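>>> I need the structure of the sequence given here:
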Amino acid sequence: MPVQPTGTDPVPDPQMAKALSRDRRRVVLSYLALALAWMIATDGAMASLVPDPQQLAFWQTVKDAFFAFASAGLLYLLLRPLAEHVLHTHARLQGSELRLRQLFEGNPGPILVYDLGSLAILDANPAACQAFGWERDELLEQTIDVLWSPGDRQVLQAKLEDIREAPDQICILRTPLQLRDGSRRQMELRSNAIDYDGHTARLLIAIDRTAEDLAQLRRDQALARVDEAHELARIGAWELDPASGLGRYSNQVYRLLGRRVPEARRWHRFDELLVPADPATATQTEQLLAELCAGPAAQVDVLLPLLSMEGRALMVHLRAARGLDEVGRERVLGTLQDVTEREQSRRLLREREEQFRELVRVLPDGVVILSDEHVLYANAWAAALFGYGSHTLLGEPLAALVAPSELDRVRLQLHAGQPQHSPGHNSVMVMQRADGRPFHAGLAVGEVRYGGRDCKLLIVRDLSESERTRSALETSNRELQAMAGRLFSLQEDERRAISRDLHDDIGQAITAIKLSACAAQDEQDEQRRGEDLAQIVSLADTTVAKLRDISTLLRPPQLDALGLEAALSWQARVLFRSSPVELLAEIDTLPTRPDNCIEQACFRIAQESLTNVLRHARASQVQLQLRDVDQHGLHLQIRDDGEGFDPDGPRGLGLIVMRERAQSVGGHVRIESAHGAGTLVDVHLPYQAATAPATESPE
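Numbering: from 1, shown residues only. Okay, the predicted model is just below:
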């Protein structure tokens, strides 16, 4: 039934009009046939029965009157059902039209009727006016393209051309429509052809899909975020059909297992994806699949070592439980997560914890954890340090570990977290052992969590050995001072010896020369005067030789006249001239002459080293090298193949003097030796002295 606007005449139904026309013709034809049959039959009968014309006319008049009344009654009887049918049909038509109008007006969805030729909007329900923001009168003055934005009207024109080519086809279109305020809504349009008051019109039903599209967009975004979360967490979802044993898997599952993602999701067996790392895992996987398919309430939460398609080892966390899919079918739903890095981190953490425990166990310092000044943990070294057993130290109060006089200082350090007198360094405290004996210890304090509580970490280092070392060092210093005093005594003895030689030998020789000169002066005999003069010459030569020896002993003249290289070469030749020890001298020419004090220190160190080789080494060969070190200093090296000595044993005065000579001018001496391996004296000296030169003294 076509939709009619309010206040217009109804358009007859073609079938009903055809039925009414057919019935009308039947009534008329039946009446004509009956009238003719009556007239013919009654006229003949009346003419044969009534011969008198006047009576015949009377009876014909009576007959015609009867026929008129009878035919009128008959027509009434015949037309009454037809009229009732027409009235009933008209009432049904009006009721149907009213219902259709009510449906049209009351439909919650927008409905429009527009002319296909002119595109004018012929009718619109209130929902359409409300949806598009128009008043009904204003909307009926518009064309249908007012609902499309200018940029989308080409799409509308193309769709209208398709509709005009096939007007009887139902058209479905999804497009954005423009409201009166300029906003756009995503609509699904359904259109079909109708006959509207003689117009070739289209009935347009609009369904607002904006909220649905927004919900779909949010769903897609949520799924995208879930996929991103799965990607970051390296987790994939899967479902398994218990009846067939086949499963479907997300793309992330394929990527985790190093497989190519299929173009379309398909069902296949779970064990086709998994590559067990070992036979035990393969057996475990088969049992899990059997339980998943057979068990009524199967739940799985296991770790499986697998192999990816590239052969990379994987640790996979497999979770599964029975549930229902979106259509209510029973499925096994689960996840597959790559926990390789997590398990490796856990393994490394366990290894580090074991290493830390082992480190604390073997640490040569006591490690004590205190809570409320009571021992919660102590390593074996701490137990031994304080004289307790491995477990008897646990629970002991702090007061039992610290000397009473130091308890306040230790408590202050525990609260301050560092020594009060020297920040950044361990403080020295007096602790006490289980038997009450005190000992010096260095303490370091820190914060630590242990057993879920905030505790104090106390590291105790036994300084008893350090105290003994300090005492030994003080003893060594005293010995060194005594040795220095002895050195000064030797210097004085040497000076006295030189003075005695000068007085006894040189002085007597000069006195003898003087006496011989006086005797020769008074001698009259030429021969005897010549003998006296010859004696004077001999005494003078002897005196000069003695002076030269004393001068050479004090300082060789080559050192001042020719330099360090010539003095070392001369000294080495003099010392080893009558010795069976083979001398290999490699003395390079220095690019610049060192300071006087540097030459003196280098010469004396070489003199002392070579003398020690001759006196003590029992060597067969000695190497003497002097060379420049990139013009930054000189390098003296003396190596022998003698008996050697223990470097950690008692040292002679000569070695100490060599070190002091080198250090006094900014250099250093390194001595390497071992029993039976010879000795190496390695000396590095600058060209210019770093400090004031030491006073030269004979050995």
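>>> Double-check that residue 429 belongs to a strand.
Yes: Residue 429: assigned to a strand according to DSSP: H, G, I helix; E, B strand; the rest coil.
>>> so where do the helices sit in the stretch 201-350 of the chain?
Using DSSP state H, counting those that start in this stretch, the helices of the stretch 201-350 of the chain run over residues 210-233, 251-256, 279-294, 340-362.
>>> what packs against the third one?
The contact analysis (3 or more CB pairs under 8 Å, 6 or more residues apart in numbering; DSSP states H and E) places helix 279-294 against strand 299-307. For glycine as for every other residue, the C-beta is placed from the backbone atoms N, C-alpha and C.
>>> if we look at the strand it packs on, which residues are touching it?
257, 274-278, 281, 284-285, 288, 291-292, 313-322, 334, 339, 343 (CB atoms under 8 Å, 6 or more residues apart in numbering).
>>> 7 Å instead?
Residues outside strand 299-307 that contact it (CB atoms under 7 Å, 6 or more residues apart in numbering): 274-278, 281, 285, 288, 292, 313-321, 334.
>>> Out of these, which sit inside strands?
If you go by DSSP state E, these have 313-321, 334 in strands.
>>> Produce a ChimeraX select command limited to the buried residues of these.
ChimeraX command restricting the ones in strands among the contacts of strand 299-307 to the buried ones, with burial defined by 16 or more other CB atoms under 10 Å:
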select :314,315,316,317,318,320,334
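>>> Okay, now the unreliable bits of the stretch 251-400 of the chain?
Applying pLDDT under 70 to the stretch 251-400 of the chain flags the ranges 295-298, 326, 390.
>>> again, only this time at 90
251-304, 306-369, 371-373, 375-396, 398-400 (pLDDT under 90).
>>> So which residues of the stretch 451-600 of the chain form strands?
Taking DSSP state E, counting those that start in this stretch, the strands of the stretch 451-600 of the chain run over residues 453-462, 582-587.
>>> Direction included, what does the shortest one pair up with?
Spelled out, that is strand 582-587. strand 621-628 (parallel) (DSSP bridges).
>>> quick revisit: could you identify the most distant pair in the ones in strands among the contacts of strand 299-307?
Based on CB to CB, the longest span within the ones in strands among the contacts of strand 299-307 runs between 313 and 321 and measures 27.3 Å.
>>> sorry, back to before: tell me the most buried of the strands of the stretch 451-600 of the chain?
Greatest average neighbour count among the strands of the stretch 451-600 of the chain goes to strand 453-462 (a mean of 18), per mean count of other CB atoms under 10 Å.
>>> which strands and helices sit next to that one?
If you count contacts as 3 or more CB pairs under 7 Å, 6 or more residues apart in numbering; DSSP states H and E, strand 453-462 packs onto strand 366-371, helix 380-385, strand 438-450.
>>> quick one: buried residues of the last one?
Of the residues in strand 438-450, those buried under the neighbour-count criterion (16+ other CB under 10 Å) are 438-445.
>>> gap between it and the chain center?
35 Å (CA atoms, centre = their mean, to the nearest Å).
>>> do the same with the second one
Averaged C-alpha coordinates place helix 380-385 at 40 Å from its chain's average position (CA atoms, centre = their mean).
>>> Following element in sequence after it, please.
Sequence-wise, the next helix or strand downstream of helix 380-385 (DSSP states H and E) is helix 407-416.
>>> likewise the first one?
Under the assignment DSSP H and E, the closest C-terminal helix or strand after strand 366-371 is strand 374-378.
>>> Touching that next one from outside, list them.
367-370, 393-397, 450-451, 455.
>>> Mark which of those are buried, thanks.
Using 16+ other CB under 10 Å as the threshold, 367-370, 393, 396, 455 are the buried ones among the contacts of strand 374-378.
>>> Tell me the one of these nearest residue 192?
Closest to residue 192, out of all of the buried ones among the contacts of strand 374-378 and judged by CB to CB, is residue 455, at 82.9 Å.
>>> Let me know whether the closest one touches residue 370 as I believe.
Yes: with contacts counted by CB atoms under 7 Å, residue 455 reaches residue 370, the gap being 6.1 Å.
>>> List the contacts of stretch 148-165.
Residues contacting stretch 148-165 (CB under 7 Å, 6+ apart): 116, 145, 171, 173, 175-178, 184.
>>> Just the buried residues of it, please?
Neighbour-count burial for stretch 148-165 [16+ other CB under 10 Å]: 148, 156, 160, 163.
>>> what do you get for stretch 586-596?
587, 590, 594.
>>> so can I have TSV of those showing distance to residue 32?
Formatted as TSV, these follow (distance: CB to CB, whole Å):
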residue	distance to residue 32
587	166
590	162
594	163
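>>> ok, those vs residue 42, which is closest?
Distances from residue 42 to the buried residues of stretch 586-596, taken by CB to CB, are shortest for residue 590, at 176.5 Å.
>>> out of the helices of the stretch 201-350 of the chain, deepest packed?
helix 251-256 (a mean of 20).
>>> just the CA coordinates of that one, formatted as CSV?
C-alpha atoms of helix 251-256 as CSV (Å, rounded to 0.1, in the frame of the first residue of the first chain):
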residue,chain,number,x,y,z
ASN,A,251,50.1,-14.2,14.2
GLN,A,252,52.3,-13.6,17.3
VAL,A,253,52.5,-17.3,18.0
TYR,A,254,53.9,-17.9,14.5
ARG,A,255,56.4,-15.1,15.0
LEU,A,256,57.5,-16.3,18.4
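>>> by contact count, what packs against it?
strand 235-240, strand 330-338.
>>> Show me what the shortest one is packed against.
Under the contact definition 3+ CB pairs under 7 Å, 6+ apart, strand 235-240 sits against strand 246-249, helix 251-256, strand 330-338.
>>> Pairing partners for that strand, with directions?
By DSSP bridges, strand 235-240 pairs with strand 246-249 (antiparallel), strand 330-338 (antiparallel).
>>> Using JSON lines, lay out the ones you listed together with distance to residue 209.
What follows is these, written out as JSON lines (distance: least, CB to CB, whole Å):
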{"stretch": "strand 246-249", "distance to residue 209": "29"}
{"stretch": "strand 330-338", "distance to residue 209": "31"}
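>>> Helix or strand for residue 33, just tell me which one.
Going by DSSP H and E, residue 33 is part of helix 14-49.
>>> How far away from the center of its chain is that helix?
Distance, centroid of helix 14-49 to centroid of chain: 107 Å (CA atoms, centre = their mean).
>>> Can you tell me the number of residues neighbouring residue 661?
24 (other CB atoms under 10 Å).
>>> Next: the one 10 residues further on.
One way to gauge burial is a neighbour count; for residue 671, by other CB under 10 Å, it gives 16.
>>> Direction-wise, compare the biggest helix by length in the chain with helix 14-49 and give the angle.
When the chain is parsed with DSSP state H, its longest helix is helix 53-106. Here helix 53-106 runs at an angle of 170 degrees relative to helix 14-49 (axes from the mean of the first three to the mean of the last three CA atoms, to 10 degrees).
>>> Would you indicate which residues of the next helix or strand after helix 53-106 are buried?
As assigned by DSSP H and E, the chain's next helix or strand after helix 53-106 is strand 111-115. Neighbour counts using 16+ other CB under 10 Å place 111-115 of strand 111-115 among the buried residues.
>>> Now the residues you listed in CSV, please, with extra columns for distance to residue 559 and pLDDT.
Shown next, in CSV, are those (distance: CB to CB, whole Å; pLDDT from 0 to 100):
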residue, distance to residue 559, pLDDT
111, 125, 91
112, 124, 91
113, 129, 91
114, 126, 90
115, 130, 89
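>>> and residue 681, what pLDDT?
Per-residue pLDDT puts residue 681 at 90.
>>> So what touches the host helix or strand of it?
Assigned by DSSP H and E, residue 681 belongs to strand 679-685. The contact list for strand 679-685, computed with CB under 7 Å, 6+ apart, reads 598, 601-602, 605, 609, 617, 633-640, 642, 644, 662, 665, 667-673.
>>> go with 6 Å
Outside strand 679-685, the residues that touch it by CB atoms under 6 Å, 6 or more residues apart in numbering are 598, 602, 605, 609, 633-640, 644, 667-673.
>>> That one: how far from the chain's middle?
On CA atoms, centre = their mean, the centre of strand 679-685 falls 53 Å from that of its chain.
>>> quick one, helices of the stretch 551-699 of the chain?
557-561, 564-575, 596-612, 653-664.
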